[in-house]
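Asks: Task: produce atomic coordinates for the following.
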Amino acid sequence: MKILQIVPYCLPYRGGQERYVYNLSKYLVRHGHDVEIITSNYPYSPECETSEGIRITRHRCLARPMRNPLTPAFMTLSQESKECDIVHTHNEHSTAAMAAAFLRNGRCAPLMLTCHGQLIFGDPFHDAMEKVYSKTIGRRIFSRVDRIAVNSAEDRDYVLSINASVSDKISILHNAIDPEFFDGISGSNGIFDLSGRTNLLYVGRLIRRKGLEWLIRAMAIIRQSGNGRDVRCIMVGEGEDREYFERLIRDQGVQESVILAGDISLDELVYLYRHTDLFVLPSLSEVCPTVVLEAMYFGLPVVTTDIPGVRDHFTGSALLVPPKDEMSLARAILSVIDDKNTAVRLARTGQDMVTRKYLWSRVSKAYESIYRSMGA
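Replies: This next block holds a predicted model:
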């Protein structure tokens with residue numbers, strides 16, 4: 001099959017959706033398919049390149065309102081969409097998905113959409129805008145695509161709440177990881193001293209939607225709780241809200257307890273996955289987050305939020321807490337680091353689940369079956 005993926009971002013932009021698209025494409029190429037990714041050029045990268053058999057074409061991004069790249073070339077892909085067997089787009093909130101749905105009016109190939117969870121920004125204005133968008137543009141996008149992939153039953157119900165007429169189009173296909181990506185990385189440490197303390201790990205964008213405000217406040221509560229604990233949280237990643245979190249760290253007096261590590265090398269990331277004590281993801285919205293799967297693969301116990309897209313996959317294998325609740329988050333963190341049996345149980349359960357179910361070698365074959373059912 002010749003498969004065209006139209007997506008807002010691609011690597012080297014770092015995010016779970018970008019890893020998802022890349023890993024799916026890589027495994028489709030391994031199965032003998034011809035895969036091209038068309039995306040924006042943010043961050044600036046070569047216009048055309050081939051990586052692990054995937055052709056990547058990037059077009060100019062004019063602006064990024066609400067972190068969504070405006071890329072006019074997405075609307076001019078009618079010829080490319082006619083010459084492939086399947087068009088696959090991602091994230092109904094993106095201009096990429098809007099363009100792909102617009103092109104479906106013509107004689108283009110069957111169109112598949114993968115949804116990546118409910119979008120919550122964490123502030124009333126943007127969340128209200130998202131609701132208006134979903135009920136108007138999002139609803140029309142769902143109507144125009146031929147198949148829709150969601151990560152969980154809760155996400156399926158959310159799509160149906162926007163457009164109840166698409167129930168026969170929806171398939172549940174969960175996220176996955178690629179163990180081979182990590183198996184070849186030694187995991188050397190160049191900058192982190194983890195000795196003599198309990199080390200928490202966060203990996204992701206420094207944006208408010210990730211709930212880091214409540215993790216920082218939870219660290220202040222842990223610091224004030226005493227009992228001789230020396231707990232530090234290492235936050236890996238960059239993002240548009242870094243300055244906001246830097247101010248909050250100062251305001252909460254946790255400069256010694258919260259480290260903004262920025263972007264680090266893969267060797268250093270693997271080192272942290274292997275040698276920290278607990279992974280924490282306090283997000284307001286997610287969909288089977290890649291970083292949780294990675295942390296579990298490396299045997300880390302996980303504390304995360306009880307939200308759609310997380311509870312469907314990780315109930316029983318992670319400790320779930322309400323979002324926007326620093327006290328509950330602090331208590332959950334302390335319950336794991338103070339109880340070795342709980343930590344070991346969570347680590348073993350999560351690692352076993354990931355290695356059995358959440359691998360791209362399995363999920364990519366499920367996508368192949370859906371493509372074929374669409375007439376490709």
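Asks: where exactly do the strands run in the stretch 151-300 of the chain?
Replies: With DSSP state E, counting those that start in this stretch as the criterion, the stretch 151-300 of the chain has strands at 170-172, 198-203, 231-236, 258-262, 278-281.
Asks: okay, and for the protein, where does confidence drop off?
Replies: 106-107, 227-228, 376 (pLDDT under 70).
Asks: can you list the domains in it?
Replies: Domain segmentation of the chain under automatic domain parsing yields 2-176+359-373, 182-357.
Asks: Save those domains as TSV, and put in mean neighbour count too.
Replies: The C-beta positions use only the backbone N, C-alpha and C, and glycine is treated the same way. Listed next are the domains of the chain as TSV, based on neighbours: other Cβ atoms under 10 Å:
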stretch	mean neighbour count
domain 2-176+359-373	18
domain 182-357	19
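Asks: which one is residue 97 nearest to, not counting chain neighbours?
Replies: The shortest distance from residue 97 to any non-neighbouring residue, by Cβ to Cβ, 6 or more residues apart in numbering, is to residue 89 (4.7 Å).
Asks: residues contacting the one you found?
Replies: 5-7, 96-97, 99-101, 111-114, 145 (Cβ atoms under 8 Å, 6 or more residues apart in numbering).
Asks: likewise residue 14?
Replies: Neighbouring residues of residue 14 by Cβ under 8 Å, 6+ apart: 205, 237-238, 263.
Asks: Residue 60 now?
Replies: 40-41, 71-73.
Asks: sorry, back to before: hey, what's the residue nearest to residue 97 bridged with?
Replies: Beta-bridge partners recorded for residue 89 (DSSP bridges): residue 6, residue 113.
Asks: Residue 302 versus that one, what's the distance?
Replies: 30 Å (Cβ to Cβ, to the nearest Å).
Asks: and what of residue 186?
Replies: 24 Å.
Asks: so, if you compare the contacts of residue 14, which one comes nearest to residue 177?
Replies: residue 237 (17.4 Å; Cβ to Cβ).
Asks: my read: the closest one touches residue 206, true?
Replies: Yes. The pair residue 237 / residue 206 is scored as a contact, 5.7 Å apart, by Cβ atoms under 8 Å.
Asks: still on that earlier bit, any chance of the contacts of residue 14 in TSV with distance to residue 361 as columns?
Replies: As requested, the contacts of residue 14 are exported to TSV (distance: Cβ to Cβ, whole Å):
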residue	distance to residue 361
205	27
237	27
238	31
263	28
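Asks: ok, these vs residue 330, which is closest?
Replies: residue 237 (21.6 Å).
Asks: Nearest residue to that closest one in space, please, no chain neighbours.
Replies: Spatial nearest neighbour of residue 237, chain neighbours left out: residue 204 (5.1 Å); criterion: Cβ to Cβ, 6+ apart.
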